[in-house]
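[1] Make a model of this:
(2 chains)
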Amino acid sequence: AQRVTQPEKLLSVFKGAPVELKCNYSYSGSPELFWYVQYSRQRLQLLLRHISRESIKGFTADLNKGETSFHLKKPFAQEEDSAMYYCALIGNTGNQFYFGTGTSLTVIP
Amino acid sequence: EPEVTQTPSHQVTQMGQEVILRCVPISNHLYFYWYRQILGQKVEFLVSFYNNEISEKSEIFDDQFSVERPDGSNFTLKIRSTKLEDSAMYFCASSVAVGFTTGMKNEQFFGPGTRLTVL
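    All right, here's what the predicted structure looks like:
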């Protein structure tokens, strides 16, 4: 069965420190992996997706099929990065997202 | 930049009442979705809609739920007889197309959500 696991509900880092938000997935086919972000009082919005292999707002994420992981990383956290981050996958047989439970990131000034 | 809109932002209803949650997807999008998020839990898929019919639905989407595109712009979720456990944030989303042939799934754009409280 498909599943997305984000082990950390809350994560706090100091400004300028590296940050890594963990995401592991379970899916038997070839999923597409995404990171969505929700800033305070705003809607869910796409941060990045593995297939485009781009860096958005300094964040990167590499799909590791061997470890079935898609961790989100940023070398130097900024205060404006404080938000809720959701890892999600879409399977190859449908168009529905499977979301993780989310990680609330707080960047301490 | 076009956005998905949802009304109302907050709906309070009595158990057993019918509610209709409304969404206006982005105008040139073809696929529409409803998700829900119970407080403290993950965002869960309910249903997807394409070409005026349901294309996928989850186990949560039982006979109490229905969706409709009554006109060219609105996409609604109806809960026929609300239960306490229906209290949640309901998100609408839309996307252009599912690109099976291109091998790339399209980004889904989410609305701000409707908070449904069932008393």
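[2] how about the residues of chain B near chain A?
    Within chain B, the positions near chain A by C-beta under 8 Å from any C-beta of the partner chain are B:3-4, B:31, B:33, B:35, B:41-45, B:48, B:55-56, B:58, B:91, B:95, B:98, B:104-105, B:107-113. Bear in mind the C-beta positions are built from the backbone N, C-alpha and C, glycine included.
[3] and those residues, which are buried?
    Among the residues of chain B next to chain A, those classed as buried by 16 or more other C-beta atoms under 10 Å in any protein chain shown are B:4, B:31, B:33, B:35, B:42-45, B:48, B:55-56, B:58, B:91, B:95, B:98, B:105, B:108-113.
[4] Out of the residues you listed, which sit inside strands?
    B:31, B:33, B:35, B:43-45, B:48, B:55-56, B:91, B:95, B:98, B:105, B:109-110 (DSSP state E).
[5] ok, the residue nearest the centre of chain B - contacts?
    Ranked by distance to the mean C-alpha position of chain B (C-alpha atoms, centre = their mean), the top residue is residue B:34 at 2.3 Å. With contact taken as C-beta atoms under 8 Å, 6 or more residues apart in numbering or on different chains, residue B:34 is in contact with B:21, B:23, B:46-47, B:67, B:77, B:90-93.
[6] Kindly recompute the last result at 7 Å.
    Counting by C-beta atoms under 7 Å, 6 or more residues apart in numbering or on different chains, residue B:34 makes contact with B:46-47, B:67, B:77, B:90, B:92.
[7] Most neighbours among the residues you listed, which one is it?
    Counting by other C-beta atoms under 10 Å in any protein chain shown, residue B:92 has the largest number of neighbours within the contacts of residue B:34, with 28 neighbours.
[8] Next, the contact list for that one, please.
    Neighbour list for residue B:92: B:4, B:6, B:23, B:25, B:33-34, B:75, B:111 [criterion: C-beta under 7 Å, 6+ apart].
[9] which two in these are spaced the farthest apart?
    Maximum pairwise distance in those, criterion C-beta to C-beta, is 12.2 Å, between B:6 and B:33.
[10] wouldn't residue A:106 be in contact with residue A:12 here?
    Yes. Counting by C-beta atoms under 7 Å, residue A:106 does reach residue A:12; the two are 4.6 Å apart.
[11] ends of stretch A:95-108, how far apart?
    37 Å (C-alpha to C-alpha, to the nearest Å).
[12] what about it, near chain B?
    Yes. Judged by C-beta under 7 Å from any C-beta of the partner chain, stretch A:95-108 and chain B are in contact via A:95-97, A:99-102.
[13] Where does pLDDT dip in chain B?
    Residue ranges of chain B with pLDDT under 70: B:97-105.
[14] How about chain A?
    Scanning chain A for pLDDT under 70 picks out A:93.
[15] hmm, try it at 50
    Applying pLDDT under 50 to chain A picks out no residues at all.
[16] Up against chain B, what does it have?
    When proximity is defined by C-beta under 7 Å from any C-beta, chain A lies next to chain B at A:32, A:43-44, A:46, A:51, A:86, A:90, A:94-97, A:99-102.
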